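Curious how this folds, go ahead:
(chains A and B)
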Amino acid sequence: MRLSKYFVPTLKEVPNDAVVISHILMLRSGMVRMLSAGIYSFLPLGYKVIKKISEIIREEMDAIGGQEFHLPALNPREIWEETGRVEAFGDTMFHLKNREYVLAPTHEEIMTFHARNVVKSYKDMPQIWYQIQTKFRNEPRPRSGVIRGRQFLMKDAYSFDTSWEGLDKSYELHDKAYRKIFDRCGLKYFVVGASSGAMGGTGSEEFMVKSSAGEDTVAYCESCGYAANVEVATSRIDAAERDAESKSIYEISTPNVHSIDELCDFLVIDETQCAKSRIYLNNDKPVLILMLGNDEVNETKLEKVLGGNIRPAHPEELKDISGADAGSIGPVGFSGRIIADNRLKNANNMFSGANKNDYHIGGIDFNRDIPNIEYADLRIVQSGEGCPRCEKHLEVFPAIELGHIFKLGTKYSEAMGANFLDENGKEHPIIMGSYGIGVERVMACYIEQNHDANGIIWNKLLAPFQVHLLGLNLKKQEVSDTCAIIYNELKHNNIEVLFDDRDVTAGFKFNDADLLGMPIQVVIGEKKLKENKCEVKVRKTGERFDVELSGLMNKVKELLG
RNA sequence: CGGGGUGUAGCGCAGCCCGGCUAGCGCGCUUCGUUCGGGACGAAGAGGUCGUAGGUUCGAAUCCUAUCACCCCGACCA
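Numbering: from 1, shown residues only, chains lettered A, B, ... in the order given. Just a heads-up that it's a prediction; the model follows:
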């Protein structure tokens, strides 16, 4: 492809609205343009990458027996009523105004619809059906460019089995296929086992990559691969030590001391001697939560322990409940339910609030002074804490979900009456799995992980072109002749080549080449040409070397091999 | 939905507080010439209903009201 004829509107300046690096580079390299918030057009260069990713996905899905469909995005609303998901999705689902249609945010219902009409016998299964299709979700707040859009490409697959063992097998196949897909794409990813959430099911895994643009926070151990959403993650961390002797409790005047840090400074003690108090309302009943030092309450864990609804008490409510404002609340004399984090188990000689403004209490023995106390794991893990599975340490960071595999079970088949007859002529609901990959996210995450100050660094599998041929000063006959020969030769060797034949200065071409990021750059200039040589640059390492024209093709093949 | 911010040429911005003649600057674009291995130089050009609608005023990019769009933080997120 000749760049002079190719629509690749590169940008030197960073567009005002782009914040995350993948978004900036996708705009600057002329791969995408925004049409509206969370709605992007893919330009020729960007679409080429999308097609490469899709092809990798296709190959791996086909390899596990997947069959590709192309389903409508426009769906009758009544199909979605069958499973109650019109309500479940709520405002996230787009509705048409002039007909009872919705825009599909995913395709469980549609695949199940087709299955129930045709898949009637145990002999018809297993099946794996997939598609790569545009999904629509009315995200309240699109962000991070293509990473969270209102319209996005998703590979979604659905498995249909006659037994739970069959489902396990289908799930396993997808797990392996997903690893191959992300490996081939060159992504550094990890797998988080997650609770199945609102989809309803019995098992799921999320494929994540670390990214500052991420919307989930995960705890990850590089050493053993432990990975968990921070909402459920645990860690190895020391509990408070119990002194041999328990002092008796005593009240201390602590004017203007409101935080654990201030308390530590004021009394010259360590934060591990303090119990921080938080009051939550659980179904409108107050519960005192005690954390060691500055540990944060993990509300997801708390919710699991308490059941029902929880919310932090409003500042105005605190005094009624405890007799003090935030900063002076504590367990001694507190009348409601008290739950302490496991790190506080059996602790003694502790400091906490006195339930009286500007006073704290010292010498608290949790066993002696707080009857009816309960313990649970309630803390949010922090970077650097011990991995719960091995000897190393956890890292906590934001991450993006790239893919999700899911054992759906019979939720959709039961709701929609997708049943089959077994060997004995008995009817059962089909057992389903669902498996998604965000195609644009693969692209964006790749760029997040593979770029430098000058631009994108494509690997050969995702690169829109393998070779970027730069002809410097094409007004020189020998330069343009040589370029034409090399260009044709590369094409004849089935090497995808982008030929910068524009009449712009060398620096312009070099910078665009680095920005676009093809793996290999071949530079044809007057100087080197006098010695029958050209320059080859490897984008990833930045290394460059002179190559005899006669050996160029072999060198390129070697570098791409 | 709550908080903050921004809309002025294709892109990045100044001007707005304190209203005033023809709305500027850089990049990009067009033409000609010179250049030609890390975003060249000179000359001459094209391009804007200042987001939209209403209002105040002799006069509005500038002040007021409404509205729309976009960005950031939060809430939300199969």
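
which residues does the residue most central in space within chain A bridge with?
The structure's chain A has its C-alpha centroid closest to residue A:400; by CA atoms, centre = their mean the separation is 1.7 Å. Note on residue A:400: beta-bridge partners residue A:209, judged by DSSP bridges.

Could you measure from residue A:212 over to residue A:29?
Applying CB to CB, to the nearest Å, the value for residue A:212 to residue A:29 is 20 Å. Placement of C-beta: from N, CA and C, glycine included.

quick revisit: pull up the gap between the residue nearest to the centre of chain A and residue A:218, please.
For residue A:400, the distance to residue A:218 - CB to CB - is 10 Å.

intersection of neighbour lists for these two?
residue A:208 (CB atoms under 8 Å, 6 or more residues apart in numbering).

Can you show me the helices along the stretch 451-561 of chain A?
A:477-492, A:506-516, A:526-529, A:552-560 (DSSP state H, counting those that start in this stretch).

nearest to RNA strand B, of those?
RNA strand B lies closest, by CB to the nearest atom of the strand, to one member of those: helix A:506-516, at 2.5 Å.

Alpha carbons of the closest one, as PDB, please.
C-alpha atoms of helix A:506-516 as PDB (Å, rounded to 0.1, in the frame of the first residue of the first chain):
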ATOM      1  CA  ALA A 506      12.800  12.600   5.800                       C
ATOM      2  CA  GLY A 507      12.100  13.500   9.400                       C
ATOM      3  CA  PHE A 508       8.400  13.600   8.800                       C
ATOM      4  CA  LYS A 509       8.600  10.100   7.400                       C
ATOM      5  CA  PHE A 510      10.800   8.800  10.200                       C
ATOM      6  CA  ASN A 511       8.400  10.100  12.800                       C
ATOM      7  CA  ASP A 512       5.300   8.800  11.200                       C
ATOM      8  CA  ALA A 513       7.000   5.400  10.800                       C
ATOM      9  CA  ASP A 514       7.800   5.200  14.500                       C
ATOM     10  CA  LEU A 515       4.300   6.400  15.300                       C
ATOM     11  CA  LEU A 516       2.600   3.800  13.200                       C
END
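
re the thing from before, what score does the residue nearest to the centre of chain A have for pLDDT?
Note on residue A:400: pLDDT of 92.

That one and residue A:446 touch, don't they?
No: assessed by CB atoms under 8 Å, residue A:400 is found out of contact with residue A:446, at 11.4 Å.

ok, residue A:68 touching residue A:57?
No: using CB under 8 Å, residue A:68 makes no contact with residue A:57, being 9.9 Å away.

Flag every buried residue along the strand or helix carrying residue A:167.
Taking DSSP states H and E as the criterion, residue A:167 maps to helix A:164-184. By neighbour count with 16 or more other CB atoms under 10 Å, helix A:164-184 contains the buried residues A:166-167, A:170-171, A:173-174, A:177-178, A:181-182, A:184.

mind listing what the spatially closest residue to residue A:162 that is not a sequence neighbour touches?
Of all residues not flanking residue A:162 in the chain, residue A:122 sits nearest, at 4.6 Å (CB to CB, 6 or more residues apart in numbering). Going by CB under 8 Å, 6+ apart, residue A:122 touches A:162, A:420-423.

do residue A:144 as well
A:19-20, A:22-23, A:213, A:444.

ok, of the residues you listed, which come out buried?
Applying 16+ other CB under 10 Å to the contacts of residue A:144 flags A:20, A:22-23, A:213, A:444 as buried.

Contacting RNA strand B as well, which ones from these?
When contact is defined as CB under 7 Å from any atom of the strand, these meet RNA strand B at residue A:20.

Flag whichever of the buried ones among the contacts of residue A:144 scores worst on pLDDT.
Ranking these by pLDDT, residue A:213 lands last with 85.

Can you tell me the SS state at that residue?
Following DSSP: H, G, I helix; E, B strand; the rest coil, the label given to residue A:213 is coil.

thought it was touching residue A:22?
Yes: assessed by CB under 8 Å, residue A:213 is found in contact with residue A:22 at 7.2 Å.

Residues in contact with both of those two, list them for me.
Between them, residue A:213 and residue A:22 share the contacting residues A:144, A:147, A:444, A:448, judged by CB under 8 Å, 6+ apart.

doesn't residue A:444 make contact with residue A:26?
Yes: with contact defined as CB under 8 Å, residue A:26 reaches residue A:444; the gap is 7.2 Å.

Now do the shared contacts for these two.
By CB under 8 Å, 6+ apart, the residues touching both residue A:26 and residue A:444 are A:145-146.

export the contacts of residue A:144 to TSV and tack on secondary structure and distance to residue A:372?
Listed next are these as TSV, based on DSSP: H, G, I helix; E, B strand; the rest coil; distance: CB to CB, whole Å:
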residue	secondary structure	distance to residue A:372
A:19	coil	50
A:20	coil	49
A:22	helix	52
A:23	helix	53
A:213	coil	46
A:444	helix	51
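
RNA strand B: which of these is nearest?
residue A:19 (4.2 Å).

Residues of the stretch 351-500 of chain A that sit close to RNA strand B?
Residues of the stretch 351-500 of chain A lying near RNA strand B (CB under 7 Å from any atom of the strand): A:404, A:436, A:438, A:454, A:472-473, A:475.
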